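S.K.: sequence unavailable; structure follows:
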Ligand code: RBF
């Protein structure tokens, strides 16, 4: 079975982001990975016509803080249509990996439901650094690009459903 790799997305299926305001929360831990992920997301948003000034970027120390970062952005910037959360957690010798991944996935789900806005999970959770490199512009694409495409699709979906309600 062909593996789905959204980095091979069909450009004709990506909605225009013209007029959308999008937040990006970037974790500083493993910045050699989160920086290319963020660059991929930003480039993709611009490619699909999101204005530079409508891309609002904040940094948080680690992936665990992505939840608070997204919550604070949505609370304080009411014009935001979605938030893309970018982090990289690499399996270590202790159970931190499990606790952080669990907290972030549950936390971001809760933030999305609380604010009723798309919150995009662009968190790499890998066994080692090479797997992260492969997904941050390497042989498995760039998950930041996929996060941006997902944000545009989810905003469009929300706007369509709200128009009909
Ligand atoms: N943050 C990450 O974004 N990626 C990691 O791989 C990561 N590993 C951590 C390992 C340990 C042992 C600790 C204590 C923290 C780690 N963090 C990591 C930071 C974490 O997301 C958070 O910033 C701190 O725990 C402070 O709340």
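M.R.: Looks like it came in fine. Since the model is a prediction, treat every value here as computed from it, not as a measurement.
S.K.: how about the contacts made by residue 104?
M.R.: 63, 64, 66, 67, 85, 87, 89, 121, 123 (CB atoms under 8 Å, 6 or more residues apart in numbering). (C-beta placed from N, C-alpha, C; glycine too.)
S.K.: now intersect those residues with the strands, please.
M.R.: Of those, the ones assigned to strands by DSSP state E are 85, 87, 89, 121, 123.
S.K.: can you put the residues you listed in TSV and add distance to residue 165 and pLDDT?
M.R.: Below are the ones in strands among the contacts of residue 104 laid out as TSV (distance: CB to CB, whole Å; pLDDT from 0 to 100):
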residue	distance to residue 165	pLDDT
85	27	98
87	33	98
89	37	97
121	26	98
123	31	98
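S.K.: ok, back up a step: output the contacts of residue 104 in JSON lines; the columns should cover neighbour count and distance to the ligand.
M.R.: Below are the contacts of residue 104 laid out as JSON lines (neighbours: other CB atoms under 10 Å; distance: CB to the nearest ligand atom, whole Å):
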{"residue": "63", "neighbour count": "26", "distance to the ligand": "3"}
{"residue": "64", "neighbour count": "19", "distance to the ligand": "3"}
{"residue": "66", "neighbour count": "27", "distance to the ligand": "8"}
{"residue": "67", "neighbour count": "22", "distance to the ligand": "10"}
{"residue": "85", "neighbour count": "27", "distance to the ligand": "11"}
{"residue": "87", "neighbour count": "28", "distance to the ligand": "5"}
{"residue": "89", "neighbour count": "23", "distance to the ligand": "4"}
{"residue": "121", "neighbour count": "18", "distance to the ligand": "13"}
{"residue": "123", "neighbour count": "22", "distance to the ligand": "8"}
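S.K.: can you give me the strands for this protein?
M.R.: Counting by DSSP E, the strands of the chain are 22-27, 55-60, 82-90, 119-126, 136-138, 141-142.
S.K.: what is the last one packed up against?
M.R.: In this case it means strand 141-142. Applying 3 or more CB pairs under 8 Å, 6 or more residues apart in numbering; DSSP states H and E, one finds that strand 141-142 contacts helix 31-47.
S.K.: no further questions, thank you.
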